[in-house]
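**Q** What shape does this take:
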Amino acid sequence: MKKYRLEIIIFMVDAICMILELVASRVLSPYFGSSNLVWTSVIGIILLSSSIGHYLGGIIADRGELNNNLKAILALSAATIFIIPMCESLIINSVTSITTNIKIGAILSTILLFFIPSLFMGSLTPIILKMKLTDIETAGKTTGKITAISTIGGIIGTFLGGFFLIPNFGSIQILFVLSILILLMIPLVDFKFFPKQAIVLVLIILFLIFLMVKSSKNNEQYSENVLDGTIGDSVSYDTQYGRVLIYNAMMNIGEPVRILDIDSGYESATFINEDKRNELVFDYTKKYDLMFEANIEIKNAMLIGGAGYSYPKYYISHYDNKNLDVVEIDEKITEIAKKYFYLDELISDYNIEKNHRLNLITDDGRTYLNNNIKKYDAIMNDAFSGNSPAKTLTTLEAVQKVKNSLNTNGLYLTNILSSLDGENSKFIKAEINTLKQVFKNVYVVPCDTIDNTEILQNNMVIATDDEISFSGTYEIDIPENEIIITDDYCPVDNLIPIF
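**A** Sure thing, here's the model as predicted:
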């Protein structure tokens with residue numbers, strides 16, 4: 001271990017850097033969503049800070065005192081990571097009070113929270129490389145080995161963070177663990193540690209472990225808690241696909257509801273009162289019933305995006321002898337729907353396990369369509385990540401897969417958050433144009449109003465080969481040069497409204 005101590009440190013540091021990058025996106029997502037805008041901000045700022053760290057680390061390495069400088073920078077890295085959960089809310093709330101622009105807000109928040117720790121960790125590589133370069137004849141081999149080890153560490157950190165840590169632990173816990181791991185590397189630098197320093201290090205680590213355990217117990221309480229009807233009660237979870245907040249609130253409808261919020265966007269809601277748990281809270285979800293105005297009988301339907309399963313509960317409880325397949329990418333979201341949004345009650349009350357009228361499918365919506373051989377009378381799309389639509393379902397190729405899964409004159413209904421005209425209508429116009437390349441007819445039914453066509457609202461867009469006279473349709477003028485969204489060219493982030 002003494003022989004390879006520097007290799008161990010560089011391996012761990014790069015693994016921690018990648019985990020920190022993944023955690024950064026999760027910390028920002030409740031405020032700015034999890035679109036490419038947020039990922040671009042996180043990756044760009046952390047790469048910038050790391051590059052500056054490399055440069056400064058090279059200057060420090062040439063000044064000597066390598067062991068002491070290495071230990072000092074490790075300690076500073078641990079301290080700045082430890083501070084993040086302490087000031088996260090204060091900093092991001094301050095940023096959002098200054099600007100409502102997602103790009104600017106995400107960039108500023110990333111700089112204020114993650115720039116310094118990334119800079120410190122970036123400065124470690126030149127110092128360790130200087131310590132390992134003892135012979136100019138083997139400089140290339142040594143440099144290549146250190147670079148390879150650091151890259152492997154980054155790969156391991158990416159897989160460990162993305163596949164295990166983030167889906168199973170909260171961001172605060174992970175940041176505390178990262179701080180502890182960095183502190184544990186300090187004695188590895190030279191295998192010399194004075195008793196007083198050792199005592200201080202042990203006390204700090206014990207304190208961090210205490211905070212981590214306390215946070216873990218809070219998460220366990222969340223997982224064991226079943227919310228009652230008290231307004232303001234909330235629980236939160238981290239899943240593999242986003243940060244989830246569940247809370248009770250009073251909306252303008254005047255009744256207590258439970259809301260599912262994922263990455264800063266409303267995903268679903270249910271009434272808390274027992275007699276209304278299978279009714280629909282949001283008006284736009286009622287527009288899916290437009291499929292019953294078609295000239296064909298709707299018997300087998302599919303919904304992409306389960307979230308709180310509000311429409312599936314309504315569909316099964318209101319329409320006898322009709323079947324619904326629900327494709328939800330996140331298995332944990334389905335578990336949350338069963339526990340907090342009364343999906344388990346519906347399954348029991350309507351004997352779903354025996355009659356199979358409701359089929360719960362854990363899969364990515366596009367992947368399911370790619371492999372599907374079943375035919376449906378109607379396919380509904382309500383898949384969002386925060387306020388952003390699922391991009392892979394917006395393209396020409398995805399629309400063709402949808403049509404391949406429909407019976408003759410079947411319907412495709414997709415909810416689009418947009419204005420009908422003006423600057424914020426770019427996405428709906430591009431998506432309508434894309435749908436028209438595959439379906440003969442595309443209808444738009446605004447869910448709120450047509451009095452002001454430039455306000456943001458939910459719009460039910462219906463594509464079919466049949467000619468149907470839907471109530472409440474609005475004709476949107478599509479320019480001749482309107483883009484077609486494809487797998488190759490999918491500029492959705494530049495088209496959707498900025499909230």
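
**Q** Okay, and Phe427 sits in which element?
**A** Using DSSP states H and E, Phe427 sits in helix 426-436.

**Q** Measure how buried the residue nearest to Asn372 when sequence neighbours are not counted is and give me the count.
**A** Sequence neighbours aside, Ser405 is the residue nearest to Asn372 in space, at 5.1 Å (criterion: CB to CB, 6 or more residues apart in numbering). Placement of C-beta: from N, CA and C, glycine included. For Ser405, the tally of surrounding residues (other CB atoms under 10 Å) stands at 18.

**Q** Now find how far off-centre the helix holding Phe427 is within its chain.
**A** 25 Å (CA atoms, centre = their mean, to the nearest Å).

**Q** what's it in contact with?
**A** 389, 394-396, 399, 412, 414, 416, 418-420, 442, 444, 459, 461, 463, 476, 478-479, 482-485, 492, 494-497 (CB atoms under 8 Å, 6 or more residues apart in numbering).

**Q** Please repeat the previous calculation with a cut-off of 6 Å.
**A** Here helix 426-436 makes contact (CB atoms under 6 Å, 6 or more residues apart in numbering) with 394, 396, 399, 416, 418, 442, 463, 478, 482-485, 495-496.

**Q** Could you double-check that the residue nearest to Asn372 sits in contact with Ile373?
**A** No: Ser405 is not in contact with Ile373 according to CB atoms under 6 Å; the separation is 8.4 Å.

**Q** got the contact list for Gly140?
**A** No contacts exist for Gly140 under CB under 6 Å, 6+ apart.

**Q** what about it, helix or strand, and which?
**A** helix 139-160.

**Q** do the same with Ile379
**A** Using DSSP H and E, Ile379 sits in strand 376-381.

**Q** Give the partner strands of that strand in its sheet and their orientations.
**A** Strand 376-381 pairs in its sheet with strand 300-304 (parallel), strand 406-418 (parallel), by DSSP bridges.

**Q** could I get these as a markdown table with mean neighbour count, mean pLDDT and distance to Tyr315?
**A** What follows is those, written out as a markdown table (neighbours: other CB atoms under 10 Å; pLDDT from 0 to 100; distance: least, CB to CB, whole Å):
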| stretch | mean neighbour count | mean pLDDT | distance to Tyr315 |
| --- | --- | --- | --- |
| strand 300-304 | 24 | 93 | 7 |
| strand 406-418 | 21 | 91 | 12 |
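
**Q** circling back to that earlier point, give me the buried subset of the contacts of helix 426-436.
**A** Thr394, Leu396, Val399, Ile416, Ser418, Val442, Ala463, Ile485, Leu495, Ile496 (16 or more other CB atoms under 10 Å).

**Q** Report the separation between the last one and Lys338.
**A** With the distance defined as CB to CB, to the nearest Å, Ile496 ends up 31 Å from Lys338.

**Q** repeat for the second one
**A** Taken as CB to CB, the spacing of Leu396 relative to Lys338 amounts to 36 Å.

**Q** Kindly report the same for Leu393.
**A** Distance from Leu393 to Lys338, by CB to CB: 25 Å.

**Q** which of the two has more neighbours?
**A** Leu393 (19 against 16).

**Q** The more buried one touches Gly365, doesn't it?
**A** Yes: the criterion here is CB under 6 Å, and Leu393 meets it with Gly365 at 5.5 Å.

**Q** who touches both of these two?
**A** Ala383.

**Q** For the host helix or strand of Ile316, what does the pLDDT average out to?
**A** Secondary structure from DSSP H and E places Ile316 in helix 310-318. Mean pLDDT, computed over helix 310-318, is 92.

**Q** Dump the C-alpha coordinates for that helix into CSV.
**A** What follows is helix 310-318, C-alpha atoms only, in CSV (Å, rounded to 0.1, in the frame of the first residue of the first chain):
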residue,chain,number,x,y,z
SER,A,310,-53.6,9.4,-12.1
TYR,A,311,-55.0,8.8,-15.5
PRO,A,312,-54.6,5.0,-15.3
LYS,A,313,-56.6,5.0,-12.1
TYR,A,314,-59.3,7.1,-13.7
TYR,A,315,-59.3,5.0,-16.9
ILE,A,316,-59.6,1.6,-15.1
SER,A,317,-62.2,2.9,-12.6
HIS,A,318,-64.4,4.7,-15.1
